[in-house]
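Trainee: Provided below for reference: sequence and predicted model.
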Amino acid sequence: MAGQAPDWIVRQFTKQFEEKSRSLGRFNLAIFGKTGVGKSTLVNAIFGSDLAETGIGKPVTRDSHLYLHVSGCLGVLDTRGLEIGRDTGTIVGELEEFVSRMRRLPLPEQLHAAWYCVRSTDNRFEDTEEEFIRALDRLGLPVLVVLTQVPFANGRYHPAALELAASISRRQLPLHGEPIFLTYAREDTFHGYQPHGLQALLDATFRVAPEGVRNALTAAQKIDMGRKRADAHKAITAAAASAAAVGAVPIPFSDAAILVPIQLAMMASIAVIFGVRIDRATAAAVAATAAATAGGRSLVTGLIKLVPGVGSVIGGTIAASVASGITLAIGESWMAVCGRIARGELSTAAGTLDASAVREAFMAEFGKNVKRGLSKS
Ligand SMILES: Nc1nc2c(ncn2[C@@H]2O[C@H](COP(=O)(O)OP(=O)(O)OP(=O)(O)O)[C@@H](O)[C@H]2O)c(=O)[nH]1
Ligand SMILES: [Mg+2]
């Protein structure tokens, strides 16, 4: 029964997923710093490895040295073949052109923040770097300065890194009141260094990014599950309310036809927020779970209608609470599954999502959540 889903459910989920992805827009980050300081490693640590794997991105215009990598709701702009210091003028000139062109475009096409990266072990920060940061600020880009590869051991930062951060701070750069961020992006087993400082950098990026792209940033990043859960909860609460409204109407309706689309839209939102890639097999698995739970819903209301008196007196109210309770349970269950997918679980050996594992995990969660969902509502 959970194995197959009607085709319309699969199609509708896929369509909803595409719509939700589109409406989320895109968060665009510009990342600068000298060659090899750890820009790509940092981006991968916070946003996942997709961007590095999908290669080089596209130059923003022909002959431009600015490259934009786009993956879902994230865009990353960086430079190729130019060095800050030697080519500061050229980079700023190209950026200026790019920024003025995109100002006329909708928000998801614009640049929203910049990270300027300095490798802590280089122990220096040059005047040309300061000039470059001031130029970014004049272009209207909020800049955060990030020290990369900062050793942190026994509860202490490397003193040389602290000194470098202090010397940069003394330059009074326009940094929106934000500190210099000390980070380490990827574990080093030889020295025993662990990643650190990534959450603080992400939080600051949320603070300086325009309100209108924060949902896209939440979906794009992969280190802060709390933010994802908070956004997913909003989608769940809204869907549960819509389901209750549907359930409260005391006219005959088909559960599958009216409630399932609400639940599919909710599931699509959650998948987008958690950055789950939806191919046909996954869509089919999701649709199968939705179809199965829709069956469960009819069953519950069917049972209620059998209780003498209850159905006729407060049947509408009960239907409303059942509809919202089931929707809550679906939302919570799917969110838990998406969290696991985001952590890299539920994949096949080939790295693609294991559709039957996804379905099983969902049904197990749903079994736990449905009673709670019904008693809560
Ligand atoms: N262990 C560890 N290695 C790092 C870290 N950051 C950078 N590296 C290493 O430093 C080297 C350069 O890092 P990248 O992220 O490629 O530097 P980049 O700034 O993107 O370099 P370009 O794109 O060439 O300008 C790589 O070998 C990384 O593995 C880190 O936080 N931890
Ligand atoms: Mg790189």
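Mentor: All right, it came through fine. Ligands and ions are numbered 1, 2, ... in the order given.
Trainee: what distance do you get for the residue of the stretch 1-150 of the chain found nearest ligand 2 to F47?
Mentor: For the stretch 1-150 of the chain, the residue closest to ligand 2 is S40, as judged by C-beta to the ion, at 3.3 Å. For the C-beta atoms, the positions are set from N, CA and C on the backbone; glycine is no exception. Remark: distance between S40 and F47 (C-beta to C-beta, to the nearest Å) = 11 Å.
Trainee: now swap in K222 and tell me
Mentor: Using C-beta to C-beta, K222 is found at 6 Å from F47.
Trainee: residues contacting the closest residue to E19 other than its chain neighbours?
Mentor: Excluding the flanking residues, the one nearest E19 by C-beta to C-beta, 6 or more residues apart in numbering is A268, at 7.5 Å. Contacts here follow C-beta atoms under 8 Å, 6 or more residues apart in numbering; on that basis A268 touches F13, Q16, F17, E19, K20, I278.
Trainee: could you export stretch 358-375 as CSV, CA atoms only?
Mentor: Output of stretch 358-375 as CSV, limited to C-alpha atoms (Å, rounded to 0.1, in the frame of the first residue of the first chain):
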residue,chain,number,x,y,z
VAL,A,358,13.3,7.3,3.0
ARG,A,359,9.8,5.8,3.0
GLU,A,360,10.5,3.4,5.8
ALA,A,361,12.1,6.1,8.0
PHE,A,362,9.1,8.4,7.3
MET,A,363,6.5,5.7,8.2
ALA,A,364,8.4,4.9,11.4
GLU,A,365,8.4,8.6,12.4
PHE,A,366,4.8,9.0,11.4
GLY,A,367,3.8,6.1,13.6
LYS,A,368,5.4,7.9,16.6
ASN,A,369,4.1,11.3,15.7
VAL,A,370,0.5,10.7,14.7
LYS,A,371,-0.8,10.0,18.2
ARG,A,372,0.9,13.1,19.5
GLY,A,373,-0.4,15.1,16.5
LEU,A,374,-4.0,14.0,17.2
SER,A,375,-3.9,14.7,20.9
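Trainee: thinking again about what came up before, more neighbours, K222 and F47?
Mentor: Counted by other C-beta atoms under 10 Å, K222 and F47 do not tie: F47 has more neighbours, with 23 against 20.
Trainee: looking at the contacts of A268, which gets the smallest pLDDT?
Mentor: For the contacts of A268, the weakest pLDDT value sits at I278, with 80.
Trainee: and the spatially closest residue to that residue that is not a sequence neighbour, how many neighbours does it have?
Mentor: Spatial nearest neighbour of I278, excluding adjacent residues (C-beta to C-beta, 6+ apart): F17 at 4.9 Å. Look at F17: counted by other C-beta under 10 Å, it has 23 neighbours.
Trainee: likewise for the one 10 residues further on?
Mentor: The number of residues packed around F27, counting by other C-beta under 10 Å, is 30.
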